[in-house]
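Novice: Here you go, sequence then predicted model.
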Amino acid sequence: MFEWSAVGPADELADETFNRVARRIDEGQNIENLIAYIVGVAKIVCKEARKKHLPVPLDDAPESRLRITPEPVEPDIRMQCFDKCLEGLSSERRFLIVEYYQQERRDKIDRRQKLAERLGIPQNALRIRAHRIRVALENCITECLEAAAGRNE
C-alpha cells in the first residue's frame with residue numbers, strides 16, 4: 001500500500017504501522033480481525049504521511065508513478081485538450097465521469113452512492129467504470145498535449 005501511494009519510505013511507514021498495532025496489543029486491546037485492523041492502521045499512517053508532504057525521492061517512487069509526460073505547455077492548451085477529450089466521450093460516459101468527481105468528503109460518498117443507485121449498479125462497478133473512463137481521458141489528454149508540443153517545436 002505504501003509503495004503504491006508513494007507517500008514516503010514504504011518500510012519505515014510499514015514499521016510505524018506494526019509498532020502502533022503492537023502497542024495496542026500490549027495495552028490489552030482485543031482485536032478480532034488482526035488483518036483488517038492492520039490495514040486500517042496502515043490507512044491512517046498513509047493519510048498522516050500525505051499530510052506531512054513527505055517528499056519521495058524519484059529512486060524510491062514506484063515506476064507506475066514515474067510516467068513520462070510531455071513538456072509543460074500553457075494551461076489553456078491543457079484545458080483545450082481536456083475539453084476536446086471530454087467532448088469525445090459518449091454522453092453517458094461524460095455524465096458518469098463528471099458526476100463521479102463532484103463534491104468532497106462525505107458529500108462525495110453520498111453522491112456516488114446515489115449515482116450507483118440511479119444507474120442500478122453496485123458501487124464497485126461504478127468505481128471500475130469511472131476508473132476506465134479516467135484512464136481513457138488521461139490517455140487522450142496526453143496524446144493531445146504531445147501533439148500540441150510537437151506543433152510548437
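Specialist: Yes, it's here. Since this is a predicted model, take the numbers as computed values, not measurements.
Novice: Check which residues of the top helix by length along the chain are buried.
Specialist: The single longest helix within the chain, with elements called by DSSP state H, is helix 123-152. Using 16 or more other CB atoms under 10 Å as the test for burial, helix 123-152 gives Leu126, Arg129, Ala130, Ile133, Leu137, Cys140, Ile141, Thr142, Cys144, Leu145, Ala148. All C-beta spots, glycine's among them, are computed from the backbone N, C-alpha and C.
Novice: At which residues are the helices of the protein located?
Specialist: Under DSSP H, the chain gives helices at 2-5, 10-26, 34-52, 75-87, 91-100, 105-119, 123-152.
Novice: Same list, these, but as a markdown table with mean pLDDT please.
Specialist: Below are those laid out as a markdown table (pLDDT from 0 to 100):
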| stretch | mean pLDDT |
| --- | --- |
| helix 2-5 | 68 |
| helix 10-26 | 86 |
| helix 34-52 | 84 |
| helix 75-87 | 87 |
| helix 91-100 | 91 |
| helix 105-119 | 90 |
| helix 123-152 | 90 |
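Novice: Give me the pLDDT for the residue lying farthest from the centre of the chain.
Specialist: Within the chain, Gly28 marks the point farthest from the mean C-alpha position, 35.4 Å out by CA atoms, centre = their mean. Note for Gly28: predicted pLDDT of 88.
Novice: ok, now how distant is it from Ala36?
Specialist: Gly28 sits 19 Å away from Ala36, going by CB to CB, to the nearest Å.
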